[in-house]
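S.K.: generate coordinates for the sequence data below:
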Amino acid sequence: MSERWALVTGASRGIGRSIAKDLAQQGMHVVVNYHSSPDKAAEVVAEIEAAGGSATAVGFDVSDRTAVESALADLLEQYDSPHVLVNNASIIRDGLMVFMKPEEWSDVVTTNLGGFYNVTRPCLKPMIRERRGRIINITSVAGVTGNAGQVNYSATKAGLIGATKSLAKELAKRGITVNAVAPGFIETEMTKNLPLDSIRGAVPAGRIGSPEEVAAVVRFLASDDASYVTGQVIGVNGGLI
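M.R.: Model (predicted):
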């Protein structure tokens with residue numbers, strides 16, 4: 001195993017997949033977390049290994065605290081403190097709030113915001129002990145500006161921004177940085193049903209972004225070059241905001 005390792009949640013597809021592959025290219029052993037797509041996670045691991053990298057697929061639901069604690073206990077015992085933690089796993093349950101069912105609210109909050117707590121907290125003590133680490137949270141432009149039909153999703157992504165800024169202040173003197181990346185419209189399975197042709201007209205760059213462009217920003221924040229960058233939210237949105 002590489003001396004450095006990274007945990008990327010929700011890494012079996014979309015933005016998480018690109019982040020995992022990019023970090024592996026930087027020489028890190030990458031733990032590819034998945035929830036319900038073991039085959040897709042295995043594909044990511046195979047692609048990383050075919051390119052000369054090192055990776056392992058580990059399944060757990062970030063919203064299930066017991067499952068997370070069990071999986072992380074094994075990982076931390078095997079690999080010790082993670083050098084990079086990317087909190088990427090999230091879900092959407094879109095709809096106007098007047099029609100939003102209680103479970104559509106609670107499921108999104110429990111996964112998107114609760115998942116951040118469940119995964120991050122067990123990693124903090126070993127990171128603090130080693131006095132190093134990079135925590136990178138994938139939020140959204142919806143958490144910055146809000147988005148009609150996504151009150152639940154926007155609330156969690158805005159909460160993640162607040163958590164990022166607060167945790168950065170707690171950990172800065174320990175040599176640990178905490179930052180967030182806020183993508184706009186990115187071509188993934190999550191956006192495939194959106195009217196992308198009309199959306200392009202609203203984006204100043206005139207196009208939809210790629211997962212690789214988000215991964216490139218994560219790569220910088222995970223690098224030694226970003227040691228003085230903490231508590232920041234970096235947008236990847238083609239000038240949308």
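
S.K.: tell me how far the residue of the chain positioned farthest from its centre lies from residue 151.
M.R.: Residue distances from the centre of the chain (C-alpha atoms, centre = their mean) peak at residue 98, which lies 29.1 Å from the mean C-alpha position. Distance from residue 98 to residue 151, counting by C-beta to C-beta, to the nearest Å: 10 Å. For the C-beta atoms, the positions are set from N, CA and C on the backbone; glycine is no exception.

S.K.: the chain: helices as residue ranges?
M.R.: With DSSP state H as the criterion, the chain has helices at 14-25, 38-50, 65-79, 102-108, 114-130, 142-145, 151-171, 196-200, 211-222.

S.K.: hey, which of these is tucked in deepest?
M.R.: helix 14-25 (a mean of 26; mean count of other C-beta atoms under 10 Å).

S.K.: where does the prediction get shaky in this structure?
M.R.: 1-2, 191-192 (pLDDT under 70).

S.K.: ok, the spatially most central residue of it - contacts?
M.R.: When C-alpha atoms, centre = their mean is applied to the chain, the residue found nearest the centroid is residue 88 (1.9 Å). Counting by C-beta atoms under 8 Å, 6 or more residues apart in numbering, residue 88 touches 8, 9, 10, 11, 15, 16, 19, 138.

S.K.: what's the neighbour count on the second one?
M.R.: Other residues within reach of residue 9, judged by other C-beta atoms under 10 Å, total 29.

S.K.: got phi/psi on it?
M.R.: Phi and psi for residue 9, reported as degrees, to the nearest 10, are phi -80, psi 150.

S.K.: any chance of the helices of the chain in TSV, with distance to residue 32 too?
M.R.: Shown next, in TSV, are the helices of the chain (distance: least, C-beta to C-beta, whole Å):
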stretch	distance to residue 32
helix 14-25	5
helix 38-50	5
helix 65-79	12
helix 102-108	23
helix 114-130	14
helix 142-145	25
helix 151-171	21
helix 196-200	27
helix 211-222	14
